[in-house]
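This is a predicted model, with the sequence first.
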Amino acid sequence: QVQLVESGGGLVQAGGSLRLSCAASGSIFSIDAMGWYRQAPGKQRELVARVTSGDNTNYADSVKGRFTISRDNAKNTVSLQMSSLKPEDTAVYYCNAVIRNIQSPYYTSNYWGQGTQVTVSS
């Protein structure tokens, strides 16, 4: 079994910063990619940022230049540094990981964290 545990959400004023962290644990053989998605009320879940095991990153256009994703492969963690936050960044942020389990390393499985609320006040 694999678990993703997130931390770091909260309430911040517009223009402020927050840092989200996510740690993966369990029967992990390797992690192909880790990332962050978000879902605002009444909207679909969307990709915020993603980083592969080869450190290739991609960002949503709306967060480019403001958010930075980083990954520690040795610790199976991923972080999202969010700066210049805007009210439209308000959402539940979910950690995501594409993982190969020890029991079946030839196949990948998609895992999600429980979500952490980020609220940006104007």
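Great, that's in hand.

Look through this protein and report the residue furthest from the middle.
For the chain, the residue at maximal distance from the C-alpha centroid (C-alpha atoms, centre = their mean) is residue 103, at 24.8 Å.

Count the neighbours of the closest residue to it other than its chain neighbours for me.
Sequence neighbours aside, residue 27 is the residue nearest to residue 103 in space, at 6.2 Å (criterion: C-beta to C-beta, 6 or more residues apart in numbering). Backbone N, C-alpha and C define where each C-beta goes, glycine included. By other C-beta atoms under 10 Å, the residues close to residue 27 number 12.

re earlier: distance of the residue farthest from the centre of the chain from residue 37?
26 Å (C-beta to C-beta, to the nearest Å).

quick revisit: list the residues that contact the residue nearest to residue 103.
With contact set as C-beta atoms under 8 Å, 6 or more residues apart in numbering, residue 27 has these partners: 1-2, 101-103.

Scan those residues and report the most crowded one.
Sorting the contacts of residue 27 by how many neighbours each has (other C-beta under 10 Å) puts residue 101 first, at 18 neighbours.

any idea how far the residue nearest to the spatial centre of the chain is from residue 113?
With distances taken as C-alpha atoms, centre = their mean, residue 36 lies nearest the centre of the chain, 2.4 Å away. Going from residue 36 to residue 113 by C-beta to C-beta gives 9 Å.

where do the contact lists of the two overlap?
By C-beta under 8 Å, 6+ apart, the residues touching both residue 36 and residue 113 are 22, 94-96.

about what we covered before: I'd like the distance between the residue farthest from the centre of the chain and residue 33.
20 Å.

From the shared contacts of residue 36 and residue 113, which land in strands?
Under the assignment DSSP state E, those contribute 22, 94-96 to strands.

Just the buried subset of those residues, please.
22, 94-96 (16 or more other C-beta atoms under 10 Å).

and which of those is nearest to residue 81?
residue 22 (12.8 Å; C-beta to C-beta).

All good on my end, thank you.
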